[in-house]
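>>> just need the structure, nothing else, for what follows:
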Amino acid sequence: MGNRKSMPTMTGIAAISSKRSQHSLRIKIRLCLTQSEISTWHDKFFHDNPDGRLNKSEFRRLFRLLRQEPPERLENICDHVFRAFDVDGNGYVEFGEFLLGFAICSRGDLRSRLDYAFECYDLDSNGYITEDEIEPVLRGMYTLLGIKHVQDYPPDVVAKDLMKKLDTSRDGRVTKDEFIHFLMKEGIYRNTVNPFH
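Okay, here's the model as predicted:
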């Protein structure tokens with residue numbers, strides 16, 4: 001065990017946020033995960049990924065371990081979740097990003113989970129969601145949820161309906177605040193839209 005990597009002090013999170021908010025991120029992780037859980041995930045993460053980061057295929061493999069659904073139901077949503085976890089947008093999920101995403105999405109409060117869900121839908125990472133961005137993620141959610149009668153609730157029709165409800169400013173795009181505010185109070189939509197229940 002002398003060659004074992006030491007526990008990170010969340011240096012992977014440094015790229016995610018400023019030094020000031022980095023402290024609050026550490027607190028969020030510690031509120032959601034025990035030191036033992038952090039250590040276990042650290043060991044697993046670095047054992048399988050000695051370079052300390054996951055590309056999309058490595059993330060898919062790990063994501064399957066985190067979820068109880070059959071792998072074929074996870075395939076369509078996995079890339080969207082990857083984008084949410086890859087906070088700095090460099091094409092990899094580093095340990096700090098993974099740990100933060102896992103902590104929030106598995107045990108975080110509803111607002112935090114919806115914040116991450118927004119990132120799944122913001123396909124071009126411009127800070128807004130458009131109707132065109134809603135439909136492909138909804139298709140992934142349908143697969144994840146095992147919705148079989150897609151013809152009864154076509155994703156393109158649901159995307160149009162959802163866009164009308166989310167876009168309270170009527171400017172053709174949905175802000176993170178609009179997304180979170182609506183889904184905080186609309187459980188039926190939240191259960192269909194949010195991959196982080």
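
>>> for the chain, which segments are assigned as helices?
Assigned by DSSP state H, the chain shows helices spanning 19-32, 35-48, 56-66, 71-85, 95-107, 110-121, 131-145, 155-166, 176-185, 187-193.

>>> residues contacting the residue nearest to residue 192 when sequence neighbours are not counted?
In space, and not counting its chain neighbours, residue 192 is closest to residue 141: 6.3 Å by CB to CB, 6 or more residues apart in numbering. Where C-beta positions appear, they are placed from N, C-alpha and C, glycine not excepted. If a contact means CB atoms under 8 Å, 6 or more residues apart in numbering, then residue 141 has 77, 192, 193, 195 as its contacts.

>>> how many neighbours does the second one have?
Here the count is done by other CB atoms under 10 Å, and residue 192 has 17 residues near it.

>>> hmm, it is touching residue 145, no?
Yes - under the criterion of CB atoms under 8 Å, residue 192 makes contact with residue 145 at 7.0 Å.

>>> roughly how far does the closest residue to residue 91 other than its chain neighbours sit from residue 163?
Excluding the flanking residues, the one nearest residue 91 by CB to CB, 6+ apart is residue 55, at 7.0 Å. Distance of residue 55 to residue 163, given as CB to CB, to the nearest Å: 32 Å.

>>> check residue 56 too.
Residue 56 is 27 Å from residue 163, by CB to CB.

>>> and the two? which has more neighbours close in?
The neighbour comparison of residue 56 against residue 163 (other CB under 10 Å) goes to residue 163, with 19 against 16.

>>> what is the burial count for the closest residue to the more buried one other than its chain neighbours?
Closest residue to residue 163 apart from its sequence neighbours, by CB to CB, 6+ apart: residue 131 at 4.3 Å. The local packing of residue 131 (other CB under 10 Å) involves 17 other residues.

>>> residue 131 and residue 157 touch, don't they?
No - using CB under 8 Å, residue 131 is not in contact with residue 157, being 11.0 Å away.
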